Each structure stands twice: as structure tokens, then as C-alpha cells.
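# Here's my sequence, what's the structure:
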Amino acid sequence: MENFSHINAKAYDALFEIRDILFKNFEKNQKNAADHILALFDKHIDNDNIETLVDIGCGTGEILMLLEEKYGSSIGSYIGVDVSSKQIEFAVSNAKKKRSACNFICCALEELEDNFAFATINWSKTVLLCTGHTLPHFDQYLFQNFLKKHCPKYLFVDFYNNFDETLDNLLEPENECIVEPRTVVKSTSYALVTKTDPKADDRILRGIEKFSYGGGSEPVGITNQSRDKSSCHICRIKELGYLLEKSEEYTSAYGPIISYLFIIPDSRAKGINEIYYKTVSSFVRQICKKEHILGVSRYSSSSSSVTF
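Just a heads-up that it's a prediction; the model follows:
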């Protein structure tokens, strides 16, 4: 199996070095993203006594620390995870400067089970965040198994809002790669490039390439991602029993995003609903039976029986 985590770690270490070139308003737009994420699940934090926020693919940790500023000690722990050692180093340093209690860990998805920080998490009282188009980077089989095992109460994911369109364009025979210009610095231009992965039909190669006016290009940081559209990812999440609570579009530090908040139904709520359903349906059956005996019917002859 291709080690996607290793490939993506190297790519994001390299991309971190040119972040300020690519994203001029990084902190401002991350603050905007955090505000929208707050609006999505703010009402649930207190109602469900959320104990932990986990951000897998946290990058340099701005989103998690902004959420910590909002909720403080009302949430017991904030854990950020990323495969990029350079970004985690920056996050740890930044957290110390801000006196943040966020715990940042350099770790791949497949290594989380062995990490002590995850041993005591009560996942039924946890929000799992996958911000910044993180989900497509995972090995999808591993991520599905992770969700099946832990069932975090809330799951937040997002995607670039033109990601599906890019994948559609990549299917056209004349398109070996899709090039989306990003920025120009002196005699050098940077572009987001998406290509098919020659080693795997279900994966793509996507990242930044540097183009010089003299001709030629040079890859700066190329990630390996799932070729599945956002709708496929959403369907797989729903198949695990999650309900789509809300979605929203906004601009993050990395560009226009569409996000989704999912919730796993509370087993107690499901039990109450089942008891209510059985009680009410039994009551209605009795009424219908009495009405039938008395020769009274509220239904047409074609609807003489009711199934619950």
C-alpha cells in the first residue's frame, strides 16, 4: 500500500516554506473560517457537554487555538494532529507564545491508536474536525475504520468548493492536468496543479508548482489525495449512521470552502423515539380498530388499513 501520509508530510513541509507567498491574508481568512465553524456547532457545545475538540490535519493550529479562545476551559482538551513536522513545530511554538493549552502532535492517521493522548478520549463527547480539505488526503479505508471504531459525536469536514469541478475536468481526454494560477512573484508564478496518479486510479496528485518565465516548471509540494468527489465522501459518512446537521460556504485561508457538520444520533434519543413510536402507533391502532367496529372510518375504501 502506498504510504500517503509520508508523501503528504513531505509535501506540506515544503508548502509551509512558501505559505506567506501563496496566501497573503492567511491569519485574517483563518479567523473568518473559525467564525463560520463556530456558527455551525456553537449551540451543541454546551447542550452536549462536549469534552474534547480534535483537529486532524490541523496544520499550524490557528483554527484550534481560535476555538480555544472562544470556549476556554469549558472544553477539557484541545488536540491538533498533522503529518507535517514543520507545521506542528510552528503550532507548538505559537501555542507557547499565546499561552494556549492546545496539545499539538505530529502523527499520521494510522498512528493515532498508539498515541497516549487518544487513550482517554470519550468520543461520545468529542467533536472531530477535518478542516482545510483534509479528508481527501486520507487513506479512505483507514478513515472509515477510524470512524466506525470511535464514532465521535460530531464530525466536521470541508472541501474546496471547486474540487468536484476540477475532478470532472480531469476526466476529459485532452486534460492531462488542471492548472489553476495562484500568485506571481517577480519572474516566478505559482499554480495549483492537479494530475492523475499513474500508480493508482483512485488517487490524484495535487499541489503547487513553480513556473519561471524562461520556461519550465518545478514541483514545490505535491500531495496525494483521493479521486472521490465530495458527494462520495459524504455518502460514506452517512452510511456509518451520521446525519448531516448543516453545511456552509465561506472563505478560509486556503480559498473558498464548503463545509459540513455531521452528528451521530444519541442512542438514548433513538431509544426514546422508538418507545414513543411504539406507544403512539399502538394507540392509533386501537382507535382505528374501535372506529372499524363502530362502522366509522376516516379513510377511503382503498385505504381501509393503516400500516405503522
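# For the stretch 201-308 of the chain, which segments count as strands?
Under the criterion DSSP state E, counting those that start in this stretch, strands of the stretch 201-308 of the chain are mapped to 203-212, 217-226, 243-252, 255-263.
# Which of those sits closest to Ile234?
Checking these against Ile234 by C-beta to C-beta gives strand 255-263 as the closest, at 6.5 Å. In this view, the C-beta of every residue, glycine as well, is placed from N, C-alpha and C.
# Not counting the closest one itself, show me its contacts.
Here strand 255-263 makes contact (C-beta atoms under 8 Å, 6 or more residues apart in numbering) with 33, 36-37, 40-41, 44, 133, 153-162, 230, 234, 237-238, 242-251.
# List the pairing partners of that strand within its sheet, with orientation.
Using DSSP bridges, the strands paired with strand 255-263 in its sheet are strand 154-160 (antiparallel), strand 243-252 (antiparallel).
# Distance check, Thr262 against Glu62.
Not Thr; residue 262 is Phe. Relative to Glu62, Phe262 is positioned 23 Å away (criterion: C-beta to C-beta, to the nearest Å).
# ditto for Cys102
As defined by C-beta to C-beta, Cys102 lies at a distance of 10 Å from Glu62.
# can I see the domain layout of the protein?
According to automatic domain parsing, the chain is divided into the following domains: 4-161+228-265, 274-303.
# For the nearest residue to Ser85 once chain neighbours are set aside, which residues count as its bridge partners?
Setting aside the residues directly before and after it, Ser85 is nearest to Cys106 in space (C-beta to C-beta, 6 or more residues apart in numbering), at 4.9 Å. Here Cys106 sits in beta bridges with Asp82, as judged by DSSP bridges.
# list the contacts for Cys106?
Under the criterion of C-beta under 8 Å, 6+ apart, the neighbours of Cys106 are Val81, Asp82, Val83, Ser84, Ser85, Ile88.
# Please repeat the previous calculation with a cut-off of 7 Å.
By C-beta atoms under 7 Å, 6 or more residues apart in numbering, the residues touching Cys106 are Asp82, Ser85, Ile88.
# List the residues that contact the closest residue to Cys151 other than its chain neighbours.
Across the structure, with C-beta to C-beta, 6+ apart as the measure, the residue nearest Cys151 apart from its sequence neighbours is Ile264 (5.4 Å). When the contact criterion is C-beta under 7 Å, 6+ apart, the partners of Ile264 are Cys151, Lys153, Gly241, Tyr242.
# Give me the buried entries from the contacts of Cys106.
For these, a burial check counting by 16 or more other C-beta atoms under 10 Å picks out Asp82, Ile88.
# Export the contacts of Cys106 as CSV, with columns for distance to Phe146 and pLDDT.
Compiled in CSV, those are given as follows (distance: C-beta to C-beta, whole Å; pLDDT from 0 to 100):
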residue, distance to Phe146, pLDDT
Asp82, 16, 97
Ser85, 22, 97
Ile88, 20, 98
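# Roughly how far does the residue nearest in space to the middle of the chain sit from Leu128?
Averaging the C-alpha coordinates of the chain gives a centre point, and the residue nearest to it by C-alpha atoms, centre = their mean is Val157 (1.9 Å). Taking C-beta to C-beta as the measure, Val157 falls 9 Å from Leu128.
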